[in-house]
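S.K.: Take a look and give me a structure for this.
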Amino acid sequence: MSCFAAPKVDKSVTSEEVEACWQAWADAIVRISKIHKNGGDFVAAAGQAAGELYGYGHGTVLFKPTKAAEYPFRPLASQAMSYFVGGSNVTFVSASSSQPAGKKGGMNIRKAEKGYGEDAGFAINGGKGWEHVEFQNHQIDCHGEVALAMGTYYFTCATSGDVVKVEYTFGYKRNSDGKVRICLHHSSVPYAA
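M.R.: Next comes the predicted model:
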């Protein structure tokens, strides 16, 4: 080894880090619901949580939310925010449908549009809130800088106390800042024959 060689740093994602990410995600959903219930800025809270938990801005994120049909895949942070806080609570900036995106007088021509109409706000349970989120892991498989996990999580409605069962597959990746964030999130309700 040369005296100029950098020491090898282990960037592997551990099972313990995955479990910590689960807990942080569950805590964030409950916190966002409580802030919404108390009339606070739940959109800002969700944005902060998403920045801490998801790899948007650090790399590719593959996100397929549970309750998304018309727009089932959410590769952009703004699309994920629409899902988590409700389409009416976010604004996308996109190319205008009546005028092609481009430059006019040195300025980009853009149109602001609300988020997706199908999004009621999963993190706030469509306004009913979540009281508790519990992960029940099936398996974690670590592959160096990436780890995969799948299992079931249970959401307890803050209004009715009903428990909703959802199945998940998450991928976690260590980002260049050293933090482990979600790079894959697929959720679905169990199949009923």
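
S.K.: Skip the chain neighbours and tell me the closest residue to Val30.
M.R.: Of all residues not flanking Val30 in the chain, Trp130 sits nearest, at 5.7 Å (CB to CB, 6 or more residues apart in numbering). No exception for glycine: its C-beta is placed from N, CA and C like everyone else's.

S.K.: List the contacts of the one you found.
M.R.: Taking CB atoms under 8 Å, 6 or more residues apart in numbering, we find Trp130 in contact with Ile29, Val30, Ser33, Ala123, Ile124, Phe155, Thr156, Cys157, Ala158.

S.K.: is it true that the last one touches Glu131?
M.R.: The reference is to Ala158. Yes: counting by CB atoms under 8 Å, Ala158 touches Glu131, with 4.1 Å between them.

S.K.: Next SSE downstream of the lengthiest helix in the chain?
M.R.: Secondary structure of the chain per DSSP state H: the longest helix is helix 15-37. Once the chain leaves helix 15-37, the next helix or strand it forms, by DSSP states H and E, is helix 42-53.

S.K.: Now do the buried residues in that next one.
M.R.: Residues Phe42, Val43, Ala45, Ala46, Gly47, Ala49, Ala50, Leu53 are the ones in helix 42-53 that count as buried (16 or more other CB atoms under 10 Å).

S.K.: Would you tell me which one of the residues you listed comes nearest to Val18?
M.R.: Leu53 (12.2 Å; CB to CB).

S.K.: Go ahead and confirm that closest one touches Arg181.
M.R.: Yes: using CB under 8 Å, Leu53 makes contact with Arg181 at a distance of 6.2 Å.

S.K.: Strands of the chain, residue ranges please.
M.R.: Remark: strands assigned in the chain by DSSP state E are 62-64, 91-94, 103-104, 107-108, 111-114, 130-143, 146-157, 163-174, 180-188.

S.K.: could those strands be laid out in CSV, adding distance to Trp22 and mean pLDDT?
M.R.: Formatted as CSV, those follow (distance: least, CB to CB, whole Å; pLDDT from 0 to 100):
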stretch, distance to Trp22, mean pLDDT
strand 62-64, 16, 96
strand 91-94, 29, 73
strand 103-104, 45, 36
strand 107-108, 40, 37
strand 111-114, 31, 69
strand 130-143, 4, 96
strand 146-157, 8, 97
strand 163-174, 8, 96
strand 180-188, 10, 96
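
S.K.: now for those, which one comes closest to Glu70?
M.R.: strand 62-64 (13.0 Å).

S.K.: Flag every buried residue along that closest one.
M.R.: Within strand 62-64, the residues scored as buried using 16+ other CB under 10 Å are Phe63.
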